[in-house]
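Novice: Sharing a model prediction with you, sequence too.
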Amino acid sequence: MMELLEKLLKSKNLQVALDFIDLKNAEEIAKQSIEAGADILEVGTPLIKSYGIQGIRRIREIAKERIVLADTKTADAGDVEAEIVHLGGGNIMTVLGIMDDATIESAVKKAHEYGILVQADLINVKDILKRAEEIKRLGVDIIGLHVGLDVQKKRGITISDLKNEIKKVSELGVIVSVAGGLNKNNIVDLIDLPINIYVVGGAITRAKNPLEEAKQIVKIIKG
Ligand SMILES: O=C([C@H](O)CO)[C@H](O)[C@H](O)COP(=O)(O)O
């Protein structure tokens, strides 16, 4: 666990979000992401809902020694969902930061017993800095700032609109992950910020040439 925490803290990483309902499509993009040099494969929430533990296992097999994040977006029964991620072979799980502290504590306790890291997803949290401070005290390893897909579509905003919040959260001394509408153009804008994990979904999975797109994004992130 310490080794993984250190890697994430000391470097900039690309996480490719495999937000698929179909496993074959997810497998194909997972392979291309690895070839392009992505650091983390995300078993997207739709994929977990479609395939559960088997879906996480399949992406684990493809990822080999790379990191697998299971985007469980846990809302209750944190310990049970940590168990699910453990059975699938995931390295990181996500909990919703907006939920009760009890759920976050339960996920952290069980996940850490298994050597799994916990990321709190601050999607839809109104006072991001205040909640990030509280969540850090609960033992969470990664804070994820996130503009969800529906908000992106309805309000036309992306995670690039939260630059101030990103800076302030990073000052708490936590691993910072950002997600929500990232692509090769707006990542350039965020590259000087203290961000450890850039999550890219649609810009790679829906690209004409996902391999080429992922390669270009890796180049921007790694410099
Ligand atoms: O977490 C996500 C979303 O809530 C759907 O499950 C996405 O993985 C995340 O937003 C990244 O996807 P893009 O916004 O398409 O880059």
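Specialist: In hand now; what should we look at?
Novice: roughly how far apart are the residue of the chain found nearest the ligand and residue 47?
Specialist: Residue nearest to the ligand within the chain (Cβ to the nearest ligand atom): residue 201, separated by 2.5 Å. Just so you know, the C-beta spots here come from the backbone N, C-alpha and C atoms, and that holds for glycine as well. Distance, residue 201 to residue 47, using Cβ to Cβ, to the nearest Å: 11 Å.
Novice: list the residues that contact both of those two?
Specialist: Listed as contacting both residue 201 and residue 47 by Cβ atoms under 8 Å, 6 or more residues apart in numbering are residue 19.
Novice: which stretches of this protein form strands?
Specialist: Under the criterion DSSP state E, the chain contains strands at 13-18, 40-43, 67-74, 92-96, 117-121, 142-146, 175-179, 197-200.
Novice: my guess is residue 182 contacts residue 198, does it?
Specialist: Yes. The pair residue 182 and residue 198 passes the contact test of Cβ atoms under 8 Å, sitting 5.9 Å apart.
Novice: okay, and the common contacts of these two?
Specialist: If you check residue 182 and residue 198 against Cβ under 8 Å, 6+ apart, the residues they both contact are residue 190.
Novice: Among residue 201 and residue 47, which residue is more densely surrounded?
Specialist: Neighbours were counted for residue 201 and for residue 47 using other Cβ atoms under 10 Å; residue 47 has more, 26 against 23.
Novice: Quick check: the more buried one touching residue 20?
Specialist: Yes. Counting by Cβ under 8 Å, residue 47 touches residue 20, with 5.3 Å between them.
Novice: Can you check which residues contact both of those two?
Specialist: residue 26.
Novice: what's the burial count for residue 92?
Specialist: Neighbour count for residue 92, taken as other Cβ under 10 Å: 26.
Novice: now swap in residue 216 and tell me
Specialist: For residue 216, using other Cβ under 10 Å, the count is 17.
Novice: ok, now which ones touch the nearest residue to it once chain neighbours are set aside?
Specialist: Once flanking residues are discounted, residue 216 sits nearest to residue 184: 5.3 Å by Cβ to Cβ, 6 or more residues apart in numbering. Residue 184 is in contact with 203, 213, 216-217, 220, counting by Cβ under 8 Å, 6+ apart.
Novice: for residue 113, same thing?
Specialist: residue 82.
Novice: Show me where this protein has its helices.
Specialist: 2-10, 23-36, 45-63, 78-88, 101-113, 128-137, 149-155, 163-170, 184-190, 202-205, 210-222 (DSSP state H).
Novice: now those helices as CSV including mean pLDDT?
Specialist: What follows is these, written out as CSV (pLDDT from 0 to 100):
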stretch, mean pLDDT
helix 2-10, 94
helix 23-36, 98
helix 45-63, 98
helix 78-88, 98
helix 101-113, 98
helix 128-137, 97
helix 149-155, 92
helix 163-170, 95
helix 184-190, 95
helix 202-205, 98
helix 210-222, 97
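Novice: Done for today, thanks.
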